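>>> here are the coordinates; sequence isn't available:
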């Protein structure tokens, strides 16, 4: 993408209530992505709104927040999501600058997978009011199998936010995927609890999507277990959300990648990737020689899976 592109934008009721701007593209290739049509743009050929002048987008966002519909909803901030908004950071900084020329107290939420440099994180913390921060796994091989990227920058940045700017953290979000990252829930909770027992954490029940469109959905029992693990670790501000219990199966996967992974969850995720054309295991999209021709980012659920 030569210019940052906006995938869509709208008033959005999900907390925090906001005018949400979804940007196209992502630095992960998550097998379970619920926003796959946005995150894997432009490789998947899906349509987006396109480039929007930052000043015009700022006017649109502030106007929507201050509109009768925005006030009725309780929208009070611009919410940048994706995809991954970090890959468009200079553009987002310009939108925020223009928005605050119109309303000096304009709030901003930044929704992120946490995969950025420390200097980029400092820039983000400089203009954000709140952050929603995803942690997908704790063990590196599980994170790589799920996302195609290493976990270290994510955990480093999660610690930076918790220790340097806890007042800006809306919540850490953990999508819980049966048989994939559920073994990492306890380690993530213990990692966060060592930073502070008061950190807000929300567990999200996996819903089948993208490469894993037929995978089993999280059960209510699993989500309740997550709260117990969090409490045992010392976290005091936790919740879970999502629909549970819909059927699914571990089908359409092979075991070609078994030798590359030791942990069961990583083997399962790696096998999904392998069954859909991923050639590099453990997954490492940043160095993969087939990255430009990656079949994962061109998958259309229901057609390619």
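In hand now; what should we look at? From a predicted model like this one, the values you see are computed outputs, not experimental measurements.

>>> SS state for residue 262?
coil (DSSP: H, G, I helix; E, B strand; the rest coil).

>>> which residue packs closest to it, ignoring adjacent ones?
Spatial nearest neighbour of residue 262, excluding adjacent residues (C-beta to C-beta, 6 or more residues apart in numbering): residue 141 at 6.6 Å. The way it works is simple: take the backbone N, C-alpha and C, and place the C-beta from them, glycine included.

>>> where are the low-confidence patches of the stretch 101-250 of the chain?
Residues of the stretch 101-250 of the chain meeting the criterion pLDDT under 70: 249-250.

>>> tell me where it has strands.
Here the stretch 101-250 of the chain has its strands, by DSSP state E, counting those that start in this stretch, at 107-112, 130-134, 169-176, 200-205, 237-241.

>>> the third one: partners in the sheet, and parallel or antiparallel?
Pairing partners of strand 169-176, with direction, according to DSSP bridges: strand 130-134 (parallel), strand 200-205 (parallel).

>>> neighbours of the closest residue to residue 288 other than its chain neighbours, just the number please.
Residue nearest to residue 288 in three dimensions, not counting chain neighbours: residue 280, with 4.3 Å by C-beta to C-beta, 6+ apart. Residues lying near residue 280 (other C-beta atoms under 10 Å) number 19.

>>> what residues are up against residue 280?
Residue 280 is in contact with 287, 288, 289, 290, counting by C-beta atoms under 8 Å, 6 or more residues apart in numbering.

>>> got the strands paired with strand 169-176 as TSV, with distance to residue 302 columns?
Converted to TSV, the strands paired with strand 169-176 look like this (distance: least, C-beta to C-beta, whole Å):
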stretch	distance to residue 302
strand 130-134	25
strand 200-205	21
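
>>> distance to residue 178 and mean neighbour count added to these, as CSV?
Compiled in CSV, those are given as follows (distance: least, C-beta to C-beta, whole Å; neighbours: other C-beta atoms under 10 Å):
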stretch, distance to residue 178, mean neighbour count
strand 130-134, 18, 21
strand 200-205, 10, 22
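
>>> quick one on the thing from earlier: between the contacts of residue 280, which sits nearest residue 29?
Nearest to residue 29 among these is residue 288, at 9.6 Å by C-beta to C-beta.

>>> and that closest one, which of the three is it?
Here residue 288 is recorded as coil under three-state DSSP.

>>> tell me how far it lies from residue 297.
11 Å (C-beta to C-beta, to the nearest Å).

>>> more crowded one of these two?
Legend: neighbour count by other C-beta under 10 Å for residue 288 and residue 297, higher for residue 297 (20 against 17).

>>> next, the more buried one: secondary structure please.
Following three-state DSSP, the label given to residue 297 is helix.

>>> quickly note the distance from it to residue 242.
Going from residue 297 to residue 242 by C-beta to C-beta gives 25 Å.

>>> got it, and residue 260?
From residue 260 across to residue 242, the span is 30 Å (C-beta to C-beta).

>>> now do residue 37
As judged by C-beta to C-beta, residue 37 and residue 242 stand 20 Å apart.

>>> equivalent analysis for residue 115, please.
Counting by C-beta to C-beta, the gap from residue 115 to residue 242 is 23 Å.

>>> the two: who's more crowded?
Set residue 115 next to residue 242 and count neighbours by other C-beta under 10 Å: residue 115 wins out with 23 against 16.

>>> residues in contact with the most centrally placed residue in the chain?
The chain has residue 113 as the residue nearest its centroid, 4.5 Å off, counting by C-alpha atoms, centre = their mean. Residues counted as contacts of residue 113 (C-beta under 8 Å, 6+ apart) are 26, 27, 28, 84, 86, 134, 136, 147, 154.

>>> the same query, at a cut-off of 6 Å, please.
Contacts for residue 113 (C-beta atoms under 6 Å, 6 or more residues apart in numbering) come out as 28, 84, 134.

>>> can you report how many residues neighbour the closest residue to the first one other than its chain neighbours?
Ranked by C-beta to C-beta, 6+ apart and with sequence neighbours excluded, the top spatial neighbour of residue 28 is residue 147, at 4.3 Å. Here the neighbour count serves as a burial measure; for residue 147 (other C-beta under 10 Å) it reads 26.

>>> wait, residue 147 sits on residue 31?
No. Counting by C-beta atoms under 6 Å, residue 147 sits too far from residue 31 to count as a contact (8.0 Å).

>>> this completes my enquiry, with thanks.
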